[in-house]
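> how would this look folded up:
(2 chains, ligands or ions: 1)
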Amino acid sequence: MVRWIPGNGEEESLLLKSLGLGSVEELFRDIPEKARIRKIGLDPPMSEMQVVREVDRLLAKNRTLEEFDAFLGAGLYDRYTPAVVDGILQRSEFYTSYTPYQAEASQGVLQTLFEFQSLWVELTDMEVANASLYDGATAIGEAMLMARRLSPGHRFLLPSTLFWERRSVLENYAPRTDMEFVEVPCDPKTGRLDLGFIERESRRDCFGVLVEYPDSLGILQQDLPKVKAAIGDRPLIVSADPLALTILEPPGNWGADIVVGEGQGFGVSSSFGGPLLGLIACRHRDARMLPGRIVGATADGAGRRAFTLTLQAREQHIRRSRATSNICTNQTLVSLAFLAYATAMGPKGLAQLASELASRGQELAKALREVPGLKAPLVEAPFLWEFAVGVEGRGTDEFLRSMFGEGVLAGSSLADPRPGARAPRFPGFLTSVGERTDTAAIDRYARAARKVLGSPTSGGAP
Amino acid sequence: MTFRQARWDEPLLWEVRPPREGAPEAHLPDSIPPELRRRKAVRWPELSELEVARHFTRLSQMNFGIETSFYPLGSCTMKYNPRVSEVLARRPGVADLHPYQPEESVQGILAILWELERSLGRITGLPHISLQIAAGAHGEYVALRMTAAYLKDRGETQRTEVLLPDTAHGTNPASAAMAGFTTREIPSKDGCVDLRALDAALSERTAAFMLTNPNTAGLFEEDILEISDRVHRAGGVLYYDGANLNAILGKTNPGKMGFDVAHLNLHKTFATPHGGGGPGDGALCAGDRLRDYLPVPRLERKGRKFHLSYDHPKSIGKVKTAYGNVGLLLRAYAFIRAHGEEGVKRVSERAVLNSNYLGQRLGEHLPRAFKPLVKHEFVLSGAPLRERGVRTLDLAKRLLDEGVHAPTVYFPSLVEESLMVEAPETESKRDLDAFVEAFLRALHDSPEHLREAPVNLSVGRVDEVRAARALLLSWRDLEKAGAQGAGGAAAGSAAHTGP
Ligand SMILES: Cc1ncc(COP(=O)(O)O)c(C=O)c1O
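Next comes the predicted model:
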């Protein structure tokens, strides 16, 4: 058994003695007999070494991204993190501390959060950021609820291309039965948004408009800077990729009211999907409507610069049922990872990484375009490191499975896997290049795709 | 012992070296539309690795952590975070997995999540689990969405009200409101649910009653079976806020107490680190009544294979990207495996023992709010301090000067000037005694010193009022305001600073 409970089994009797008790059971005498349990049913204790061996034994059954040519993304990325970042995260004052409610004892965490907020403001060209939300999908949900506070109306405009998972999360953040989703169509050939539709519908009882930058098919819609003019004072929510923002015109420059994003690719591994990082920023005038914790600069009694949580009157511990959100525990340490990663890379390093990935994305598309049976990209529109691919004549899932057999994780299906779910507007899969994607990997991908598509179907698919 | 925190006057990152201005230094592929290309590079400094490392290391030295300080924070369960978990969570076998990999390639991590689900099912008595929960509040929200779906299926859409005791944590009413319910707080009696007030509030409009047991006053709700009966007879769902589970492991469980659904804060009871405010990680545990509504995918086992199943027609769908905070779930798994049956039981025994001991000792100096027998935490009232012209807030700040964290203050609000103290099982008697000594030094210090505290930290009393007025929330705001401005009076606000 590990030694995480102090006193070698001897302190308990000292404590009991000073309480004048004979046994620890007396401390549980207020639990009614009928609610008692005798045992839990867990396994016997293990030593630390046994735990490590057991976990390693199980983890050995996984095949990591390293063992494949992996082209998975959809917001979650396998990127190299400079070692200095994890060194910072492993400072126990950062990873073991509590929420900095006691500001004087927590200037370290508070200052990093202030820097983190400043970074997200710089990336987006917005004015106010919070300290984090759970992830990019829930951040879209929170942004939608925030838009609802900012604007009257019952209808919410969202992209028809939105990834099913984000859409499902969003539906769960729209509990009020008086909210309605309206999908904004885009041209199936060029991916261009129907600006006329947006303009018309935004005037019909609409409280907000969501666009993605790039979208769930990887498309970089060139009309995005015109959306704000089309919708007037309805809140415009932009869900943006943080790395893309190092080379793209920031949404704050084209009229966004709220910018959200998924921050995992900056500083933490993909870890089978978590922890992630929800980013959100808005305009100063709307700061009081933001969900979650916010750090502000102030001073101590001697005039020394100091930081503290602020605008707490929005939050659940003060405002209870009228809070802007229920969020309490957030993703602070991942915010620190985001900040440390961006700083260790520097703006130049980030922009170079982004452009390199964007170039490799083009290279991959070029290679796949020549594979008979694939439509790559599915929509002929500008993209960065991700794009959708269509599979002609056979199921996407079957193709992806066969590619897996060839050692290639070609991408993630765009289809909602729930039985009976609506078929996706754009059937296919999303493929994504990463830092490990070199020309040889792209060649192997194309070769495997040719092989898979050239062979007769195995599973009796149409 | 005299404690002194580092005082580095550490510059902000952009003060270490100002960023250069200009276009991004990168060659973009032609495919990117010109109108979308960033004209100005992101304004952020270019620092060397040592500059980065030194900056953050210095900042870390201006922060308490579990390995430096005892955190007697009621409701937060700040226990030691085993180092081995940090090692395990960084293994490539978990860190380098993508959630959209084929199931066959992630059988190992699915096996771990499966075992974790089974353990949590046994611990709570509620066997149907979703780990797709980011934190406690998220679990509350998801459970209430499930409740709404359940009520809709039964045609009971008139049930629009969620009841909670007035001692409920703020996330409870906030989650209920966000999930589309109205809320009603029930006044407590002697710190516990008043059955008569509960009866008066229950009606055909009741959707759910949210409760934590032991409650936020540290008291075990002895009427729990009666409460559960009444809520069920009225047709409501009984929700367990699992933030206080550290008190009852192996003694009782939410299922046995009659709860229909529970969230667990794995970052409390199961020792995953709080990360300066997060990430947490949660689990939602349901009994038969709500299980069909749990988020998808649900983890299933077919023979020796694990499978992520989306075939749950009544499920509310997804509530978060992927499957939860897996890196943290692995840490919770390691904690449970290491402790095993005996160890997990000992966790609660020791936590309750520690808190009762501390309660007895501190109770000699400040009034205890309720009866002396508590579970994992207890509440003191700082009201007598008023006679000396000081407040609980001053005492809390003065405690920081001793190198220990302050208790949760001003929560629960039903106790005047409250201090809520929790002593998890990983604190030794020696550390508890040292805390008592520190507490007494603080308590008996002069009113001037109390009001001036803290003086041993990297900054003195922080002016929160000024922060809320000036609203300097980013670098840009600081620039506009002309850097840092002159010092103002330190006015301590008495906002609840707790869990
Ligand atoms: C009693 C209680 N309920 C709910 C919560 C919310 O949990 P979380 O912070 O994990 O969202 C907390 C803790 O912060 C709590 O103490």
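> Work out for me the element residue 51 sits within.
Picked chain A for this. In the assignment (DSSP states H and E), residue A:51 maps to helix A:48-59.
> if you could check chain B rather than the one you did, that'd help
helix B:49-60.
> if we can go back for a sec, work out the gap between the helix holding residue A:51 and the centre of the chain.
29 Å (C-alpha atoms, centre = their mean, to the nearest Å).
> How about stretch A:227-238?
That offset, for stretch A:227-238, works out to 23 Å (C-alpha atoms, centre = their mean).
> Ends of that stretch, what's the gap?
Distance across stretch A:227-238, first residue to last, is 11 Å (C-alpha to C-alpha, to the nearest Å).
> That stretch close to chain B?
No - on the criterion C-beta under 8 Å from any C-beta of the partner chain, stretch A:227-238 is out of touch with chain B, staying 12.4 Å away. For every residue, glycine as well, the C-beta is placed using N, CA and C.
> Next, the buried residues of that stretch.
A:227, A:228, A:230, A:231, A:234, A:235, A:236, A:237, A:238 (16 or more other C-beta atoms under 10 Å in any protein chain shown).
> rewinding a little: is any part of the helix or strand that the helix holding residue A:51 is followed by close to chain B?
Using DSSP H and E, the helix or strand that follows helix A:48-59 towards the C-terminus is strand A:69-70. Yes - judged by C-beta under 8 Å from any C-beta, strand A:69-70 comes into contact with chain B at residue A:70.
> Which secondary structure elements does strand A:69-70 sit against?
For strand A:69-70, the packing partners by 3 or more C-beta pairs under 8 Å, 6 or more residues apart in numbering or on different chains; DSSP states H and E come out as strand A:408-409, helix A:439-454.
> do you know how far residue B:257 is from chain A?
Counting by C-beta to the nearest C-beta, to the nearest Å, the gap between residue B:257 and chain A amounts to 5 Å.
> since we're on the one residue in chain B that gets nearest to the ligand, how many residues are nearby?
Across chain B, no residue is closer to the ligand than residue B:136, which sits at 2.4 Å (C-beta to the nearest ligand atom). When neighbours are defined as other C-beta atoms under 10 Å in any protein chain shown, residue B:136 has 29 of them.
> quick one, what contacts it?
A:328, A:329, B:171, B:241, B:242, B:243, B:263, B:264, B:265, B:280, B:282 (C-beta atoms under 8 Å, 6 or more residues apart in numbering or on different chains).
> Let me see the residues that make contact with stretch B:109-117.
Contacts of stretch B:109-117 (C-beta under 8 Å, 6+ apart): A:55, A:58-59, A:61-62, A:272, B:93-94, B:97, B:103, B:129, B:131, B:283, B:299, B:301, B:306, B:308, B:323, B:326, B:329-330, B:332-333, B:336.
> Single out the residue in the stretch 301-450 of chain B that lies closest to chain A.
Nearest residue of the stretch 301-450 of chain B to chain A (C-beta to the nearest C-beta) works out as residue B:322 at 2.5 Å.
> Surely that residue touches residue B:101?
No - applying C-beta atoms under 8 Å as the test, residue B:322 and residue B:101 come out as separate, 11.0 Å apart.
> residue ranges of the helices in the stretch 351-462 of chain A, please?
A:396-405, A:439-454 (DSSP state H, counting those that start in this stretch).
> ok, back up a step: from the contacts of stretch B:109-117, which ones fall inside helices?
Among the contacts of stretch B:109-117, the members found in helices (DSSP state H) are A:55, A:58, A:59, B:93, B:94, B:326, B:329, B:330, B:332, B:333, B:336.
> Do you know the pLDDT at the fourth one?
Looking back up the chat, that one is residue B:93. pLDDT recorded at residue B:93 is 98.
> That one: neighbour count?
Neighbourhood size, residue B:93 [other C-beta under 10 Å]: 22.
> For the nearest residue to it once chain neighbours are set aside, give me the pLDDT.
In space, and not counting its chain neighbours, residue B:93 is closest to residue A:59: 2.9 Å by C-beta to C-beta, 6 or more residues apart in numbering or on different chains. At residue A:59, the model reports a pLDDT of 98.
> my read: residue A:59 touches residue B:94, true?
Yes - here residue A:59 lies in contact with residue B:94, judged by C-beta under 8 Å, at a distance of 5.9 Å.
> of those two, who's got more company?
Using other C-beta under 10 Å as the criterion, residue A:59 and residue B:94 rank with residue B:94 on top: 26 against 21.
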